[in-house]
Structures are given as structure tokens and as C-alpha cells.
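# Next comes the sequence, and after it the predicted model I'd like to discuss.
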Amino acid sequence: MQDHAETLGDLPDEFLSDIGPVIKKVALATGVKDYNVIQNNGKLAFQHIPHVHFHVVPKPNETEGLVLNVAQNWPMKKAENEALAATCEKMKGRI
């Protein structure tokens with residue numbers, strides 16, 4: 001691939017179909033059952049290198065690998081059905 005893509009949104013779709021099987025092979029090659037595949041887009045999302053790349057992080061046990069706490073990292077927020085429907089319609093218009 002000679003093109004430079006800073007974020008996933010900049011990457012042509014045909015390259016995504018090429019990279020998926022490679023990510024799978026790398027993940028399985030770690031030899032662990034549990035793992036995270038991470039792809040960050042933009043500084044606020046912790047992207048520090050300005051090109052599309054993927055991280056495969058083996059999770060062999062509770063203390064190694066990516067450590068996430070659902071309550072801290074993904075706090076549950078109550079959304080009204082009307083707000084969810086409006087967001088859904090906006091997203092549909094962008095697809």
C-alpha cells in the first residue's frame with residue numbers, strides 16, 4: 001500500500017478487506033485465547049502515530065495486557081429513546 005491514511009475513515013475500503021485476515025493471523029499467533037485489537041483515530045482517542053495501524057494486545061490473565069474497568073472506562077449513561085432515534089437517523093444519513 002503506497003497511500004497514507006491517517007485515520008480509519010481515510011483508508012480505502014479495499015485495504016480494510018486486506019488487513020482483516022492479517023490482524024486475525026497476528027492475534028492467533030500470540031497463542032492466547034483472549035486478546036484485544038485496538039485501532040485509535042485522532043488525538044482524543046489516543047492516536048499518537050499519524051497513520052492507520054492496529055494493536056494486538058494479548059490478554060493471558062486479569063493483570064496482564066490491556067487492563068480495563070467497565071465502570072471506569074465505559075460508564076453507563078441513560079439515553080432517552082428520542083435522542084437515540086435522532087442519533088440513529090443522523091448516522092443513517094451519513095452511511
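Noted; the coordinates are in hand.
# Give me the distance between the closest residue to residue 55 other than its chain neighbours and residue 89.
Setting aside the residues directly before and after it, residue 55 is nearest to residue 38 in space (C-beta to C-beta, 6 or more residues apart in numbering), at 4.3 Å. (Glycine included, C-beta is placed from N, CA and C.) Residue 38 sits 29 Å away from residue 89 when distances are taken as C-beta to C-beta, to the nearest Å.
# thinking again about what came up before, surely the residue nearest to residue 55 is in contact with residue 66?
Yes - counting by C-beta atoms under 8 Å, residue 38 sits close enough to residue 66 to count as a contact (7.3 Å).
# list residues touching both of those two?
By C-beta atoms under 8 Å, 6 or more residues apart in numbering, residue 38 and residue 66 have these common neighbours: residue 57.
# how about the least confident helix or strand in the chain by mean pLDDT as CSV, C-alpha atoms only?
Ranking every helix and strand in the chain by mean pLDDT, DSSP states H and E puts helix 70-73 at the bottom, with a mean of 80. The C-alpha trace of helix 70-73 is given here as CSV (Å, rounded to 0.1, in the frame of the first residue of the first chain):
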residue,chain,number,x,y,z
VAL,A,70,-16.0,-1.3,32.7
ALA,A,71,-17.3,1.1,35.4
GLN,A,72,-14.4,3.5,34.8
ASN,A,73,-13.8,3.1,31.1
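# roughly how far is whichever helix or strand comes after that helix from the heart of the chain?
Counting by DSSP states H and E, the next helix or strand C-terminal to helix 70-73 is helix 81-94. Relative to its chain's centre, helix 81-94 lies at 21 Å (C-alpha atoms, centre = their mean, to the nearest Å).
# mind listing what's buried in helix 81-94?
Residues of helix 81-94 classed as buried: none (neighbour count, 16 or more other C-beta atoms under 10 Å).
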